[in-house]
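Colleague: dropping a prediction and its sequence here:
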Amino acid sequence: IFIKGKVLLSFLVGALTALILWILGVELWLVFAVLAFWLNFIPNLGAVIATLLPVPAVAFNPSFGTLSAILAIVLPLILHA
């Protein structure tokens, strides 16, 4: 039952990450969502890595505003917390 619960929780985190990044217009949103799903299985460190992965895609995209960049980092961080 633990594994089923962990898979369900990881799927939920991945799906919500995909939705958030897609709404914000982040390129490669699906890749980041799949990585968030898999990295959620790694305790503590996986959540940090999954949250920081989209940072270069957001930081080096000139079409992103400051608010969108902050939301693209903070909202997935809240999901993993």
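Modeller: Arrived safely, thanks for sending.

Colleague: rest of the way, CA atoms for contacts and neighbours
Modeller: Noted.

Colleague: helices or strands next to the host helix or strand of residue 74 in the packing?
Modeller: Assessed by DSSP states H and E, residue 74 sits inside helix 66-80. Packing contacts for helix 66-80, counted by 3 or more CA pairs under 8 Å, 6 or more residues apart in numbering; DSSP states H and E, involve helix 2-24, helix 45-52, helix 55-59.

Colleague: any idea how far the first one is from the middle of the chain?
Modeller: Put plainly, it is helix 2-24. How far helix 2-24 lies from its chain's middle: 9 Å, per CA atoms, centre = their mean, to the nearest Å.

Colleague: how about the second one?
Modeller: If you compare the mean C-alpha spot of helix 45-52 with that of the full chain, they lie 8 Å apart, counting by CA atoms, centre = their mean.

Colleague: list the buried residues of that helix.
Modeller: For helix 45-52, the neighbour count (16 or more other CA atoms under 10 Å) marks 46-48, 50-52 as buried.

Colleague: now stretch 63-74
Modeller: So, applying 16+ other CA under 10 Å, buried residues of stretch 63-74: 64, 68-69, 72-73.

Colleague: ok, now stretch 21-35?
Modeller: Going by 16+ other CA under 10 Å, stretch 21-35 has these buried residues: 21-22, 24, 26, 29-30, 32-35.
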